[in-house]
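> Here is my input; please provide its structure:
(one chain, ligands or ions: 1)
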Amino acid sequence: MAEIFEYAPAPESRSVVTLRDTYDLFIDGAFTPAEDGTQLTTVNPADETELARVAVAGPVDIDRAVAAARRAHENVWGPMSGLERGKYLFRIARIIQERSRELAVLESMDNGKPIKETRDVDLPLVAAHFFYHAGWADKLAHAGLGPDPRPLGVAAQVIPWNFPLLMLAWKIAPALATGNTVVLKPAETTPLTALVFAEICQEADLPAGVVNILPGAGETGRKLVEHPGTDKVAFTGSTEVGRQIARAVAGTPKRLTLELGGKGANIVYDDAAIDQAVEGIVSGIFFNQGHVCCAGSRLLVQESIAEELLARLKTRVTQLRVGDPLDKNTDLGAINSAAQLERIRELTDSGESEGAERWSPACDLPENGYWFAPTVLTGISQAHRVAREEIFGPVLSVLTFRTPEEAVTKANNTPYGLSAGVWTEKGSRMLWTAERLRAGVVWSNTFNKFDPTSPFGGYKESGYGREGGRHGLEAYLG
Ligand code: NAD
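Below you'll find the model as predicted:
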């Protein structure tokens with residue numbers, strides 16, 4: 001087996017980031033402490049050092065932010081022409097590009113994901129989302145949604161920790177382009193880039209109240225989505241919390257979109273280009289430590305090539321570099337929190353105790369911080385928890401199939417329906433399979449590719465509504 005090639009450390013400089021000791025809420029265009037003074041601590045998951053104290057929004061702060069968003073919507077942002085709104089969005093997009101190195105480093109520090117990904121994936125996509133939606137702002141009458149589509153009003157938005165700034169962009173860019181104002185709650189473990197985004201709104205001279213950022217944990221999120229002063233709720237996170245929100249919003253006039261969990265199948269047929277498929281499997285489950293709602297966490301490989309494919313996959317996984325997220329050579333960074341690490345451990349152990357065979361390459365994990373080695377589970381049946389439940393970590397569950405019908409049946413045998421991959425050299429087989437998969441996005445001979453022009457969303461317990469593309473505008477227009 002090929003030895004892992006030794007690289008000299010190549011750490012990205014932290015000096016582009018100026019961390020403050022404390023970060024306040026962003027309400028009505030200004031930073032203000034929480035009314036009751038509550039704060040949370042955000043830590044670097046790679047070494048457990050404290051990064052900053054962050055204000056936690058309570059009911060009074062939420063009232064203020066929602067009122068500010070309402071005023072801004074009625075007096076400034078709603079009546080403004082699309083052309084003018086577009087200028088602000090272009091300005092925000094350009095400032096994000098100018099500050100992208102700072103934002104990439106800060107995201108890696110707060111989240112634990114490798115700088116290679118924040119620099120080359122998250123930040124370019126964040127800017128692309130603002131540019132794309134800036135272009136729509138003055139063309140909404142041509143979006144096929146009627147001659148004069150109207151904004152809904154104030155949007156309450158709650159996002160998770162796995163792509164903190166990218167999920168913010170997916171939420172805020174379409175809302176603003178369509179003339180809505182927002183109150184957004186970032187996740188409790190990753191609030192920092194959202195607060196730098198608030199600075200960017202100031203730098204762009206965005207009118208006060210158009211964007212409000214309220215850090216906090218689940219309780220802040222619950223109070224925000226239940227607040228009677230909002231017209232729209234957009235949530236990305238777990239299916240469990242999504243269900244609670246659907247119950248809370250039911251019977252109110254609010255519009256709701258939910259982007260929830262997934263258990264994506266990555267199907268590899270016997271005619272697939274095997275080395276390319278191996279790359280796609282690796283990116284499908286180990287990109288962002290597997291903290292990806294649309295991860296290809298279930299590998300479905302045709303039985304006749306399973307042995308060869310698994311051998312090559314293990315060779316490739318052995319070459320992954322796990323460690324310091326700020327090192328430019330790192331492929332797998334830290335797990336975002338102690339709680340998430342515990343969940344990954346518990347589910348992976350359950351796989352073993354249900355009879356799965358567990359494999360990880362030999363790799364030295366750092367002593368401090370939250371770490372989990374890339375893991376492959378084989379000998380799994382569809383009844384195993386690791387084949388059904390979302391692990392949300394770097395753990396691949398491998399199943400086999402003999403016929404295309406069996407592949408499709410197994411792929412669809414999940415309460416989720418967010419993503420899937422199909423690897424084959426034959427176009428007709430790819431189309432036959434894609435047509436039968438109940439998944440919001442199906443990639444062919446690639447995986448985890450994102451673009452602001454492309455709608456993204458799920459079936460079944462993966463949620464409803466679409467984000468991105470023309471479809472995503474609809475969720476913010478009446
Ligand atoms: P989570 O549901 O625990 O938290 C998500 C957000 O909701 C956080 O900001 C949290 O503070 C907040 N929250 C918690 N309880 C709440 C409540 N009762 N009311 C309102 N808000 C509340 O999920 P997580 O563990 O942070 O994120 C991981 C999950 O997100 C995974 O299941 C993943 O699949 C999903 N996800 C989905 C997509 C998608 O586009 N479908 C994208 C990224 C992540």
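
> Name the residues of the chain found near the ligand, please.
158-162, 185, 187-188, 217-218, 221-222, 225, 236-238, 241, 244-245, 259-262, 293, 390, 392, 418, 458, 462-463 (Cβ under 6 Å from any ligand atom). The way it works is simple: take the backbone N, C-alpha and C, and place the C-beta from them, glycine included.

> Drop anything exposed from these.
For the residues of the chain next to the ligand, a neighbour count by 16 or more other Cβ atoms under 10 Å gives the buried set as 158-162, 185, 187-188, 221-222, 225, 236-237, 241, 244-245, 259-262, 293, 390, 392, 418, 458, 462-463.

> How about the contacts made by the residue in the stretch 51-200 of the chain that the ligand sits nearest to?
Nearest to the ligand in the stretch 51-200 of the chain, going by Cβ to the nearest ligand atom, is P160, at a distance of 3.3 Å. Neighbouring residues of P160 by Cβ atoms under 8 Å, 6 or more residues apart in numbering: 167, 187, 236-238.

> Ignoring the adjacent residues along the chain, who's closest to it?
G237 (4.6 Å; Cβ to Cβ, 6 or more residues apart in numbering).

> Run a quick check on that neighbour versus R243, I expect a contact.
No. Contact criterion Cβ atoms under 8 Å: G237 and R243 do not qualify, at 10.8 Å.

> element containing the nearest residue to K254 once chain neighbours are set aside, please.
Computed as Cβ to Cβ, 6+ apart, the closest residue to K254 that is not its neighbour in sequence is V233, at 5.6 Å. Using DSSP states H and E, V233 sits in strand 232-236.

> Show me how the protein divides into domains.
14-260+460-474, 265-444 (automatic domain parsing).

> Give me the nearest residue to K328, chain neighbours excluded.
The nearest residue in space to K328 (Cβ to Cβ, 6+ apart) is A10, at 4.3 Å.

> Repeat that for D138.
G82 (3.7 Å).

> That neighbour against K139, yeah?
Yes. At 7.2 Å, G82 counts as touching K139 under the criterion of Cβ under 8 Å.

> neighbour count winner among these two?
G82 (16 against 13; other Cβ atoms under 10 Å).

> Could you tell me the model confidence score at the more buried one?
If you check G82, the pLDDT there is 98.

> need the contact list for it.
Counting by Cβ under 8 Å, 6+ apart, G82 has contacts 137-140, 177, 179.

> Excluding chain neighbours, what is closest to the most centrally placed residue in the chain?
The centre of the chain sits closest to F163, judged by Cα atoms, centre = their mean, with a distance of 4.1 Å. In space, and not counting its chain neighbours, F163 is closest to D122: 6.2 Å by Cβ to Cβ, 6+ apart.

> What pairs with the worst-scoring helix or strand of the chain on mean pLDDT, parallel or antiparallel?
Counting by mean pLDDT, DSSP states H and E, the chain has its least confident helix or strand at strand 463-464, which shows a mean of 93. Strand 463-464 pairs in its sheet with strand 255-259 (antiparallel), by DSSP bridges.

> taking the mean pLDDT, what do you get for the following helix or strand past the partner strand?
Note on strand 255-259: by DSSP H and E, the next helix or strand toward the C-terminus is strand 265-268. For strand 265-268, mean pLDDT rounds to 98.

> what packs against strand 265-268?
Helices and strands touching strand 265-268, by 3 or more Cβ pairs under 8 Å, 6 or more residues apart in numbering; DSSP states H and E, are helix 274-286, strand 298-302, helix 404-412, strand 419-423.

> and T330, which of these is closest to it?
helix 274-286 (11.6 Å; Cβ to Cβ).

> got the angle for that closest one vs strand 419-423?
For helix 274-286 against strand 419-423, the angle by axes from the mean of the first three to the mean of the last three Cα atoms, to 10 degrees is 170 degrees.

> List the buried residues for helix 274-286?
Applying 16+ other Cβ under 10 Å to helix 274-286 flags 277-278, 280-286 as buried.

> ok, now stretch 243-256?
So for stretch 243-256, counting by 16+ other Cβ under 10 Å, buried means 244-246, 249, 254-256.

> circling back to that earlier point, okay, and the residue of the stretch 51-200 of the chain closest to the ligand sits in which element?
Short version, using DSSP H and E: P160 is in no helix or strand.

> before we move on, what about D63?
Per DSSP H and E: helix 59-72 holds D63.
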